[in-house]
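Enquirer: Sequence below, structure please.
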Amino acid sequence: MKTSKRTLLAGALALAAAAFAGPAGAQQRTEIQFWHAMGGVLGERVDEIVKRFNASQDKYTVVATNKGNYDEVINSTIAAYRAKKAPQIVQIYERGFMSMLLSGAIVPVQDLMAEKKKQIDFSDFVKPVASYYQYKGKLMSMPFNSSTPIVFYNKDQFEKAGFPNGPSDIYGEFEKQLYTIKSKGVAECGTSIANDYFWSMLENYSTVNDQPWGTRSNGYDGLDTEFVYNKSRVLGQAQRLQKWVNDGVAQIAGQGLSPEQLFTSGKCATYFASTAAHGSIERAPNLKWSATYLPHEADLTARNSSIGGATLWVMKGHKPAEYDGVADFLAFVASPDLQLWWHKVTGYVPITNKAYEMAKAEGYYKQSPTREIAILQLNRGTPTPNSQGFHFGNYTQTTFLLREEMEAVFANKKTPQQGLDDAVRRGNELLRQFEKLNAGKY
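Expert: Got it, this is the predicted structure:
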C-alpha cells in the first residue's frame, strides 16, 4: 500500500498534538484572571501565592496581573465589566466597598463559598476586618491585605531626648515629646506626615477616640448619611496637625524624599504608617526602631482602630467551572497556613484568629513583637458605631476633597474649621449624588 506525503504529514501532526496534550484523558486547565494593585515586593508576594496555588492542583491556572494603583484597578474593572471582559477576581481597596457592593456586578463571596461547599469558618475572621466587608451579616468580599496604622519610632532619638520608654499613648504627652525632641536638636522633626495621613491621623483618630465621622453609624445604617467630622474632636486634631506643621515639628515630604524616608533617614523621630510598612522599615540600614499603638486623648477610652488595605471581589458574568476555581483559590487564600505566611512576609494582619493563634503558638511575636501591635489594636474593646469603619459612597472622591482642604490648612490659606467645613460640605454633595444613584439598593 502506497503512503502519500500528505498522510505522513497528518500523522506527524497528530503525534505532535498528542505529545503537547499530555497523558490520555488529561484536561486543559481553566484559567482564572486576577487583577490586583500590588507592586514591587508586595507584587512578588502575590505572584508567590498564585504560584503556590497553581502548583497545588491541576484544574485551574490563576493569572495575576498588576493593573496599577488602587484607583486604576477599580477604574479598569468598571470599564472591563461594561465591555463584558471583567476578570473573575479583582482586588479593590476598602474605600471602594460601597461602590462595589451596589454595582450589581459582583457575586457575594460568602454565597459563592456556600454554593461551592467550601468549609470556611467566617466567624473566625478578625472582627473589625470582617465587619467592614459585611452587608446584612454576610461577607461580600474576601479579606486579603488588611492593615491598620501604628506609630513607628526611632528608639535612639527617644532615648537621647529622655524618653527611654518610647512614645506616650496619650496625645498631650506625645506632643510634648515631639517638641522636646526637636527643641533639643535630637531630630530635625518630631513626625513625618505620610501620604495617607487622612487615614492614619484623622480617620483613625476618630475611630480610636470614638468620634463620629458621619451620621447613620458612619454610613452602615443608610445611604442618607452625612459627614460630621467638622463638629467632632477631629477638629482639634486638625488644629494640632496644623500647629505641628507650622512649628516644624511635623514635616511634609518633598525635595525627592518620601515620608518614609524622612523617618528612616533619621530626620523625623516618628512615623504614623500602615503596619505593612514593616517590610521596608526593617530593611533600613543603621536604624534602631520600634513601634507602638496610636495615641488617644487622655479623657477618652481608646477603641479599636480602623482597617485599610483591600479585599478580593468576585465578578459576575463567568462560567460555573470558572467559579469552581475562584472558590478554590479564595479558600486557599483564607487558609491558616497561607495567612500565617502572608502575615510574616508582608506585615499585613492575618485575617483569621486561627492564623493569629498559630503565630503566637510558634513564638513569632516574641521574635517580632511589633508585628502584633496592629492585631491587638484592631481587637481592642468592642467596636462602636463610630469605630466599626466607614461605609460611605463615593468615598474615594470625598477623600480627595478632604486632602485638598487639608493642604489649604497646612498652607495657612484656611483655618482648620474652614477647611473641615468645606470638606464636609463638598463631601456631603457627593454623598447625595451616590444616594440618588443607588436609591433603594441598600
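
Enquirer: so after the helix-or-strand element of the chain with minimal mean pLDDT, what's the next helix or strand?
Expert: Taking mean pLDDT, DSSP states H and E as the measure, the chain has helix 5-21 as its least confident helix or strand, at a mean of 44. Past helix 5-21, further along toward the C-terminus, the next helix or strand under DSSP states H and E is strand 30-36.

Enquirer: Show me which positions of that next one end up buried.
Expert: The neighbour-count check on strand 30-36 (16 or more other Cβ atoms under 10 Å) flags 30, 32-36 as buried. In this view, the C-beta of every residue, glycine as well, is placed from N, C-alpha and C.

Enquirer: What pairs with that strand, parallel or antiparallel?
Expert: Its sheet considered, strand 30-36 pairs with strand 60-66 (parallel), strand 89-93 (parallel) by DSSP bridges.

Enquirer: Kindly reformat those as TSV containing mean neighbour count, mean pLDDT and distance to Gln242.
Expert: Formatted as TSV, the strands paired with strand 30-36 follow (neighbours: other Cβ atoms under 10 Å; pLDDT from 0 to 100; distance: least, Cβ to Cβ, whole Å):
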stretch	mean neighbour count	mean pLDDT	distance to Gln242
strand 60-66	18	98	37
strand 89-93	25	97	27
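
Enquirer: and those strands as CSV, adding distance to Asp337?
Expert: Written out in CSV, the entries for the strands paired with strand 30-36 read as follows (distance: least, Cβ to Cβ, whole Å):
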stretch, distance to Asp337
strand 60-66, 18
strand 89-93, 20
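
Enquirer: I'd like to know which of those lies nearest to His343.
Expert: For the strands paired with strand 30-36, the distance to His343 is smallest for strand 89-93, at 17.3 Å, taking Cβ to Cβ.

Enquirer: ok now that closest one, how far from the chain's centre?
Expert: 11 Å (Cα atoms, centre = their mean, to the nearest Å).

Enquirer: Which residues does that strand contact?
Expert: 32-38, 62, 70, 73-74, 77, 100, 141, 144-145, 308-315, 326, 329-330 (Cβ atoms under 8 Å, 6 or more residues apart in numbering).

Enquirer: correct me, but Ile49 touches Val333?
Expert: Yes - Ile49 is within contact range of Val333, at 6.8 Å (criterion: Cβ atoms under 8 Å).

Enquirer: Just the element for Arg403, please.
Expert: Assessed by DSSP H and E, Arg403 sits inside helix 395-410.

Enquirer: in the next helix or strand after that helix, what's buried?
Expert: Taking DSSP H and E as the definition, the helix or strand that follows helix 395-410 towards the C-terminus is helix 416-437. The neighbour-count criterion (16+ other Cβ under 10 Å) identifies 416, 419-424, 426-428, 430-431, 434-435 as the buried residues of helix 416-437.

Enquirer: Ramachandran angles for Tyr153?
Expert: Recorded main-chain torsions at Tyr153 are phi -140, psi 150, according to degrees, to the nearest 10.

Enquirer: Correct me if wrong: it contacts Ala269.
Expert: Yes - using Cβ under 8 Å, Tyr153 is in contact with Ala269, at 6.2 Å.

Enquirer: out of the two, which sits in the busier spot?
Expert: Taking other Cβ atoms under 10 Å, Tyr153 and Ala269 do not tie; Ala269 has more neighbours (31 against 24).

Enquirer: pLDDT score for that one?
Expert: In this prediction, Ala269 carries a pLDDT score of 98.

Enquirer: which residue ranges form the strands in the protein?
Expert: Secondary structure of the chain, counting by DSSP state E: strands at 30-36, 60-66, 89-93, 106-107, 134-135, 138-139, 142-147, 149-154, 189-193, 250-252, 268-274, 289-292, 308-315.

Enquirer: Can I get those strands in CSV including distance to Ser258?
Expert: Putting these into CSV (distance: least, Cβ to Cβ, whole Å) gives the following:
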stretch, distance to Ser258
strand 30-36, 22
strand 60-66, 20
strand 89-93, 20
strand 106-107, 34
strand 134-135, 34
strand 138-139, 34
strand 142-147, 18
strand 149-154, 14
strand 189-193, 9
strand 250-252, 11
strand 268-274, 11
strand 289-292, 16
strand 308-315, 18
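
Enquirer: right, and those strands - which one's nearest Asn379?
Expert: The minimum distance between Asn379 and these falls on strand 142-147, with 12.4 Å, by Cβ to Cβ.
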